[in-house]
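Asker: Fold the following.
(2 chains)
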Amino acid sequence: MQRREFFKKLGAVAAVAAVTPSISFAAEAKKPTGPNELSFKAAVDAITGGKTPVISSKITLKVPEIAENGAVVPVTVEVDSPMTDADYVKAIHIFATKNNNSRCIDVHLTPANGKAMFATRIKLGGTQDVATVVELSDGTFLTASQNVKVTIGGCG
Amino acid sequence: MEKGKSLIKIKPKKFKDGEVVKVSFMVMHPMETGMRKDKKTKEIVPAKYINSVKFNYNGKVITTMNVWESLSTNPVFTTYMKINGAGDLTVTYTDNTGEVNEQSTKIKPKG
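Answerer: Numbering: from 1, shown residues only, chains lettered A, B, ... in the order given. Predicted coordinates:
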């Protein structure tokens, strides 16, 4: 009898164990996602209208190669441009490619800026690429990116 | 600076007419993503982040920014600006909860 009861209990435990993973999966599905979830590719397509931006040496993207704290990562984008009425940088977009919402900021510049430069600090959830897409006044898109190693994630 | 306060910094401090100067706008803002859980109450902290920033110089918009929640807490926005006569530089920001804040500084070129 004892042996039989033992197997009954064992069966009950196995049943519970079989159910629990599905519960944890459900909890994972309910994991909070940000208000504006957007992948990197979708974000770039939304900006360029399907065009593929060209990798350019005109852009200077300054990001640390190793960021100890993902919550504060300084990013500087500088574009070599005369910034006259005829030829200027229209917009600078900054992306964190693997963040929940990869779009960080869109900066719309005018010739009154005098110099095409923008600097800010962003949050990175983990090791990933930081990318920038630059729109020129003649309608062309340039891009540059750099990998950043993050020791402690900045989201959550 | 207190919460919600902002500051405009111009470098160099003394400048001439027509010179290109560096302008930094700093804001004390939590920039909550809406994904973080409070460690004590275990509840999700509601999203609160800056939506847009606008630089206005002498009634003319020079730079506008669309901002998302991936920016750091207490963000800094640094860009350049060409000095074009005396006047006011006004920076306005809006966040997703509808909070609007404005900060302005006087531009006085010398020489």
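
Asker: Now name the helix or strand holding A:S145.
Answerer: For A:S145, the host element (DSSP states H and E) is strand A:141-152.

Asker: now swap in A:K9 and tell me
Answerer: Assigned by DSSP H and E, A:K9 falls within helix A:2-29.

Asker: who are the neighbours in contact with the residue nearest in space to the middle of chain A?
Answerer: For chain A, the residue nearest the mean C-alpha position is A:A96 (2.6 Å; Cα atoms, centre = their mean). Going by Cβ atoms under 8 Å, 6 or more residues apart in numbering or on different chains, A:A96 touches A:S102, A:C104, A:I122, A:K123, A:L124, A:G125, A:Q128, A:V130, B:S70. No exception for glycine: its C-beta is placed from N, CA and C like everyone else's.

Asker: hmm, 7 Å instead?
Answerer: Counting by Cβ atoms under 7 Å, 6 or more residues apart in numbering or on different chains, A:A96 touches A:S102, A:C104, A:I122, A:L124, A:Q128, A:V130, B:S70.

Asker: As CSV, these with neighbour count would be great.
Answerer: Shown next, in CSV, are those (neighbours: other Cβ atoms under 10 Å in any protein chain shown):
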residue, neighbour count
A:S102, 24
A:C104, 26
A:I122, 26
A:L124, 30
A:Q128, 20
A:V130, 24
B:S70, 26
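
Asker: Columns secondary structure, distance to B:V23 and pLDDT on top of the residues you listed, output as TSV?
Answerer: Below are these laid out as TSV (DSSP: H, G, I helix; E, B strand; the rest coil; distance: Cβ to Cβ, whole Å; pLDDT from 0 to 100):
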residue	secondary structure	distance to B:V23	pLDDT
A:S102	coil	27	91
A:C104	strand	20	92
A:I122	strand	19	94
A:L124	coil	26	92
A:Q128	strand	29	93
A:V130	strand	23	95
B:S70	coil	22	89
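
Asker: As a check, name the ranges of all helices in chain B.
Answerer: In order along the chain, chain B carries no helices (DSSP state H).

Asker: Residues of it that sit close to chain A?
Answerer: Taking Cβ under 7 Å from any Cβ of the partner chain as the contact definition, chain B meets chain A at B:20, B:33-36, B:44, B:47, B:60, B:62-73, B:75-82.

Asker: Just those: which are in strands?
Answerer: Among those, the subset assigned to strands under DSSP state E consists of B:20, B:60, B:62-67, B:76-82.

Asker: what bridges to the closest residue to A:H93 other than its chain neighbours?
Answerer: Distances taken as Cβ to Cβ, 6 or more residues apart in numbering or on different chains put A:V133 closest to A:H93, at 4.5 Å, once the chain neighbours are dropped. On the basis of DSSP bridges, A:V133 is bridged to A:H93, A:T143.

Asker: low-scoring stretches of chain B, by residue?
Answerer: The model of chain B has pLDDT under 70 over residues B:1-4.

Asker: Mind checking which residue lies nearest the centre of it?
Answerer: Centre-most residue of chain B, counting by Cα atoms, centre = their mean: B:F25, 4.1 Å.

Asker: how is chain A carved up into domains?
Answerer: A:1-31, A:40-150 (automatic domain parsing).

Asker: to the chain's geometric centre, what's the distance from stretch A:104-114?
Answerer: Distance of stretch A:104-114 from its chain centroid, counting by Cα atoms, centre = their mean, to the nearest Å, is 21 Å.

Asker: measure that stretch end to end?
Answerer: For stretch A:104-114, the first-to-last residue distance is 23 Å (Cα to Cα, to the nearest Å).

Asker: can it be found next to chain B?
Answerer: Yes. Against chain B, stretch A:104-114 shows contacts by Cβ under 7 Å from any Cβ at A:C104, A:I105, A:D106, A:V107, A:H108, A:L109, A:T110, A:A112, A:N113, A:G114.
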